[in-house]
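[1] dropping a prediction and its sequence here:
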Amino acid sequence: MFQDGKAEEAMNFYTSLIKDSEIKSIVRYGANEAGDEGTVMQAVFSLKGQEFMCIDSNVKHQFSFTPSFSIYVTCDTEEEMTSLYQQLIVGGQALMPIGDYGFSKKFGWLTDRFGVSWQLNLPL
């Protein structure tokens, strides 16, 4: 649930970064509907084949995304992992910089500029 009409921007950003990803459907609010006209009522996008649903909330909440929910991406190469981390961290925050934490070859955890938490993993 994105606030301030950021769902479509986030989907476009994510699908541009991750191969085998696409926006599958978008239903927008129309005039005189419950949300701001043109914002996302419901959308589905996929990242590496995993589907996600998102919406734009026109209701202001006292909460946003938290690290208790993360999009977990298993990367195929170090280059993919480094590139994703560097692009996602812009305007965001590192929770665990890319490193060897003993449970994988490389791992990184961050929140992006939208507040969404990402865990990037390069398996052993």
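    Sure, I can see it.
[2] which residues sit against the helix or strand bottoming out on mean pLDDT in the chain?
    Within the chain, no helix or strand scores below strand 2-3, which has a mean of 90 by mean pLDDT, DSSP states H and E. Residues outside strand 2-3 that contact it (CB atoms under 8 Å, 6 or more residues apart in numbering): 10, 40, 54-57, 60-61, 64, 114. Just so you know, the C-beta spots here come from the backbone N, C-alpha and C atoms, and that holds for glycine as well.
[3] strand partners (parallel or antiparallel) of it?
    strand 56-57 (parallel) (DSSP bridges).
[4] next SSE after the strand it pairs with?
    Next helix or strand after strand 56-57 toward the C-terminus (DSSP states H and E): strand 70-74.
[5] let me know the angle separating the following helix or strand past that next one from strand 70-74.
    Moving toward the C-terminus from strand 70-74, the next helix or strand (DSSP H and E) is helix 78-89. Compare the direction of helix 78-89 with that of strand 70-74 by axes from the mean of the first three to the mean of the last three CA atoms, to 10 degrees and you get 160 degrees.
[6] buried ones in the next helix or strand after helix 78-89?
    Next helix or strand after helix 78-89 toward the C-terminus (DSSP H and E): strand 93-99. Using 16 or more other CB atoms under 10 Å as the test for burial, strand 93-99 gives I98.
[7] and strand 93-99, what does it pack against?
    helix 78-89, strand 106-111 (3 or more CB pairs under 8 Å, 6 or more residues apart in numbering; DSSP states H and E).
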